[in-house]
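Participant: Dropping a prediction and its sequence here:
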Amino acid sequence: NAGVMQNPRHLVRRRGQEARLRCSPMKGHSHVYWYRQLPEEGLKFMVYLQKENIIDESGMPKERFSAEFPKEGPSILRIQQVVRGDSAAYFCASSPGRGNQPQHFGDGTRLSIL
Amino acid sequence: SQQGEEDPQALSIQEGENATMNCSYKTSINNLQWYRQNSGRGLVHLILIRSNEREKHSGRLRVTLDTSKKSSSLLITASRAADTASYFCANPTQGGSEKLVFGKGMKLTVNP
């Protein structure tokens, strides 16, 4: 039973480039969450999606960031025109539904901006 | 802010000793969850305790919850070097997305 798969594990971009982070949830899970973690910090919520729908994007910066979870394929977190401050670890988690369900995390994508 | 806070922020113990971590949160909850994060890895779910439960066990882990004090504790008994990691408590927001609200975490070092 494969867990949550994220790729790439490490991504290096220059300022102004685009970063695309992918997340395949656990089999049977239709709820996907994205979180961001700065060094020595806890995780901060960014966005919550179900298949083809963004349910809660209250933690997402208004500009340059977008997320999708298409009917087929992985969830994508996209960051346009990256800046140094976007350097962080980005984690995806999935769950089978709401209501006292733990979230299962991938190993994250570590984004470094040169 | 709903953010939980772990206490202490860092703990160093010898193998075989017990480790206790405390967590406080600010709002009412449906459940509280504890996660472990090894360096460079994602979070691993350890245990979920519901708001109507006071204590829960899983192997060497024991979690307590006091909703009147808005606090929880995680006890790891007979610690091992492999328990070295950061530990986080998190509570899902009520209703809506149930996104997890994390504290800053506690770094546990178990010395062999």
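Facilitator: Received, thanks.
Participant: what does chain B put close to chain A?
Facilitator: Neighbours of chain A within chain B, by CB under 8 Å from any CB of the partner chain: B:3, B:30-31, B:33, B:35, B:40-45, B:48, B:50, B:88, B:90, B:96-105. Every C-beta, even on glycine, is put in place using the N, C-alpha and C of the backbone.
Participant: Buried only: go through those residues for me.
Facilitator: B:3, B:30-31, B:33, B:35, B:41-43, B:45, B:48, B:88, B:90, B:97-105 (16 or more other CB atoms under 10 Å in any protein chain shown).
Participant: Which members of these are positioned in strands?
Facilitator: In strands, judged by DSSP state E, the following of these are found: B:31, B:33, B:35, B:43, B:45, B:48, B:88, B:90, B:100-102.
Participant: Dump those residues to a markdown table, plus pLDDT.
Facilitator: Listed next are these as a markdown table, based on pLDDT from 0 to 100:
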| residue | pLDDT |
| --- | --- |
| B:31 | 91 |
| B:33 | 93 |
| B:35 | 95 |
| B:43 | 93 |
| B:45 | 94 |
| B:48 | 94 |
| B:88 | 93 |
| B:90 | 92 |
| B:100 | 91 |
| B:101 | 89 |
| B:102 | 89 |
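Participant: Bridged to the residue nearest the centre of chain A, which residues?
Facilitator: By CA atoms, centre = their mean, chain A has its centre lying nearest to residue A:34, at 3.6 Å. Applying DSSP bridges to residue A:34 gives these bridge partners: residue A:47, residue A:92.
Participant: how near is it to residue B:108?
Facilitator: From residue A:34 across to residue B:108, the span is 27 Å (CB to CB, to the nearest Å).
Participant: Give me the pLDDT for the residue lying farthest from the centre of chain B.
Facilitator: Here the centre of chain B is the reference, and by CA atoms, centre = their mean the most remote residue is residue B:96, at 23.2 Å. Listed pLDDT for residue B:96 reads 74.
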